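> sequence and computational prediction follow.
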Amino acid sequence: MCSHQWKHDVFVSFRGKDVRNNFISHLFSRLDEAGIDYFSDEDKEDAGEEINDKLSRAIRHSRFALVVFSKNYADSKSCLNELVEILECRRQFKNHGHVAVSVFHGVSTADVSKLTSGSEFARGFERLCESKRDDAQIKIWRDALVEATHLSGFHLQNHARGNESEFTKFIVDCLSDKIRQTRPLYFVKNAIGVDRLANDVISLLKNGQEEAVRIIGICGAEGIGKTTVAGVACEGIRHEFECSVFLDKIGEGNRSDHLGLQKKLLRNLMKVDRVIYDIHSNINEIKRSMCRKKILLVLDNVTKKEHMEYFGAGDRESFLPGSRILITTRDRHLLKDLKVDEKYIVKGLSPDHALQLFCHHAFKRSEPKQGYKELSRSLFHYAGGHPSALKRLGSYLSDKSKDKWHEILDKLVRSPYLDCIDGSLPLKSDGPHGDQQGGAYDDKTYTGVRQIRVLADSVINSITID
């Protein structure tokens, strides 16, 4: 699942002599206060007729582009070339989440689209055309200006009655909300080996009638990667919904935590912070708000049926058609009680991905360092493709000598339980699932090792190798 790399949250295209010392100064100040990263280059304007590499990279690697149309915007070659580049990026990266937005500051939509209107904006464009005398380039600029008026946008008069302070606040509040929804969840960064699993989940979410409300359950052992798979799947399709909310660690939370998660859900649904007093009185508020938007709701680590009700997901009628609910849990029987449309059992990592994850934590690289290749291959398979065990084993070995690695391998050969390595080591041999039916995992590293089996009560205690 390939994604475009974003370096900045926002790129702003503007005519310096019109707005640099007033509107743009206030806008950048508010962006700083909101913690929004924007591209800033004081020398960018009038840098030349062509877009230089630095500006082109900044535009292409900014998730949001604001085009501030002011009275002299259209008499600048560099501004119009920026506009052309922004619209090209919008076409190229729209499916990756690139958004272009028009801001009308002291000009109207008609001034920008109807360049024969006699407005000051149109006269500026006429001056530029007289100096340029290149019909092909002029047509590109003209088409870009018309296209830009069809983008969603902000109008100084319409949205703030001409008040610049209110206008910048309105713009930054809207951007903050959008950017918060697009920033990757902290636990999906550098995720290894989950793209295929996440794509499987996305397919399940997209199955069935588009207008139906579908509930998908992700199930698997503790630490197997359910939350990460759900997070990567959410990142992949969140742009298709009006609102996406990821509520994590529900089963680990207490009443105060659940109130906080309800507040997060309401903030995303209603775009305002609400004072939260009581779990049950909030449920009606959530349901009233949820039925107005097509939503992607992820409920992580659900351990009992009441958790669904806490967040308005107790019945499908609360949701707008086309909404999707994704649940993660360790309890397969709970998914049956919840009557999910499909369930997905998370597998252990493939041998290649398991080795890569082990090396990432043992060596801070994706492959074994020199002299450790065979040792790594001999050791990593004892974690059985289980992400949590691989991370802990790799981290534990990262600062150990080579002799210590051999010593640990000898221990595992005699007793193939990870917790035999060191009594103080926080390692559980949590058994992985090797297929969709949750069968035994077999990494086929050694012909003498048949399979790794799960030994469990209500909680998995250890794995052993036959």
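Sure thing, it's come through. Numbers count the residues shown, from 1 in each chain.

> how about low-confidence regions in the stretch 101-250 of the chain?
Scanning the stretch 101-250 of the chain for pLDDT under 70 picks out 116-117, 181, 183-190.

> now do the helices in it.
109-113, 120-132, 135-148, 156-160, 164-182, 195-206, 226-237 (DSSP state H, counting those that start in this stretch).

> which parts of the fourth one are buried?
What that stands for is helix 156-160. By neighbour count on 16 or more other Cβ atoms under 10 Å, the buried set for helix 156-160 is 156, 159-160. No exception for glycine: its C-beta is placed from N, CA and C like everyone else's.

> which helices and strands does it pack with?
Packing contacts for helix 156-160, counted by 3 or more Cβ pairs under 8 Å, 6 or more residues apart in numbering; DSSP states H and E, involve helix 164-182.

> now the helix it packs on: buried residues?
Applying 16+ other Cβ under 10 Å to helix 164-182 flags 167-172, 175-176, 179, 181-182 as buried.

> could you redo those residues as JSON lines and give each row distance to residue 111?
Output for the buried residues of helix 164-182, formatted as JSON lines (distance: Cβ to Cβ, whole Å):
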{"residue": "167", "distance to residue 111": "17"}
{"residue": "168", "distance to residue 111": "21"}
{"residue": "169", "distance to residue 111": "24"}
{"residue": "170", "distance to residue 111": "21"}
{"residue": "171", "distance to residue 111": "20"}
{"residue": "172", "distance to residue 111": "25"}
{"residue": "175", "distance to residue 111": "24"}
{"residue": "176", "distance to residue 111": "29"}
{"residue": "179", "distance to residue 111": "29"}
{"residue": "181", "distance to residue 111": "32"}
{"residue": "182", "distance to residue 111": "31"}
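
> related to what we said a few turns ago, so which of the helices of the stretch 101-250 of the chain is the most surrounded?
helix 226-237 (a mean of 24; mean count of other Cβ atoms under 10 Å).

> now do that one and helix 195-206, the angle between them.
Going by axes from the mean of the first three to the mean of the last three Cα atoms, to 10 degrees, helix 226-237 is angled at 70 degrees with respect to helix 195-206.

> by contact count, what packs against helix 226-237?
When contacts are defined as 3+ Cβ pairs under 8 Å, 6+ apart, helix 226-237 packs onto helix 195-206, strand 214-219, strand 243-247, strand 295-299, strand 324-329.

> residue 87 is nearest to which of those?
strand 243-247 (26.1 Å; Cβ to Cβ).

> now the angle from the helix or strand following the closest one to strand 243-247?
Using DSSP states H and E, the helix or strand that follows strand 243-247 in sequence is helix 255-270. Helix 255-270 runs at 170 degrees relative to strand 243-247, counting by the same axes, to 10 degrees.

> in the helix or strand residue 100 falls within, what counts as buried?
Using DSSP H and E, residue 100 maps to strand 99-104. Neighbour-count burial for strand 99-104 flags 99-104 (criterion: 16+ other Cβ under 10 Å).

> now do stretch 298-314
Quick answer for stretch 298-314 (16+ other Cβ under 10 Å): 298-302, 307-314.

> and these, which is closest to residue 406?
For those, the nearest to residue 406 is residue 301 (38.5 Å; Cβ to Cβ).

> thought that closest one was touching residue 250?
Yes. Using Cβ atoms under 8 Å, residue 301 is in contact with residue 250, at 5.4 Å.

> burial count for residue 402?
10 (other Cβ atoms under 10 Å).

> any figure for the gap between it and residue 372?
7 Å (Cβ to Cβ, to the nearest Å).

> local confidence estimate at residue 314?
Here the pLDDT value assigned to residue 314 is 89.

> that one and residue 224, how far apart?
27 Å.

> for residue 157, same thing?
55 Å.

> just the strands from the stretch 1-150 of the chain, written as ranges.
With DSSP state E, counting those that start in this stretch, the ranges of strands along the stretch 1-150 of the chain come out as 8-13, 62-69, 99-104.

> looking at those, which is buried most?
Highest mean neighbour count among the strands of the stretch 1-150 of the chain (mean count of other Cβ under 10 Å): strand 62-69, a mean of 24.

> what packs against it?
strand 8-13, helix 77-93, strand 99-104, helix 164-182.

> which one, of those, ends up nearest to residue 52?
With Cβ to Cβ as the yardstick, what comes closest out of those is helix 77-93 (9.4 Å).

> now do the closest one against strand 99-104, angle only.
140 degrees.

> rounded mean pLDDT for helix 77-93, please.
On average, helix 77-93 scores 93.

> for stretch 415-423, same thing?
Mean predicted confidence for stretch 415-423 is 72.

> need the contact partners of stretch 5-24.
27-28, 31, 36-39, 45-46, 57-59, 61-68, 70-73, 76, 79, 82-83, 86, 97, 105-106, 164, 167-168, 175, 179 (Cβ atoms under 8 Å, 6 or more residues apart in numbering).

> buried stuff in that stretch?
6, 8-16, 18-19, 23-24.

> just the residues you listed now: which is nearest residue 365?
Distances from residue 365 to those, taken by Cβ to Cβ, are shortest for residue 6, at 24.5 Å.

> re the thing from before, which one of the buried residues of strand 99-104 is nearest to residue 216?
residue 99 (27.4 Å).

> how near is the closest residue to the closest one other than its chain neighbours to residue 260?
What sits nearest to residue 99 in space, not counting adjacent residues and going by Cβ to Cβ, 6 or more residues apart in numbering, is residue 64, at 5.1 Å. Distance of residue 64 to residue 260, given as Cβ to Cβ: 28 Å.
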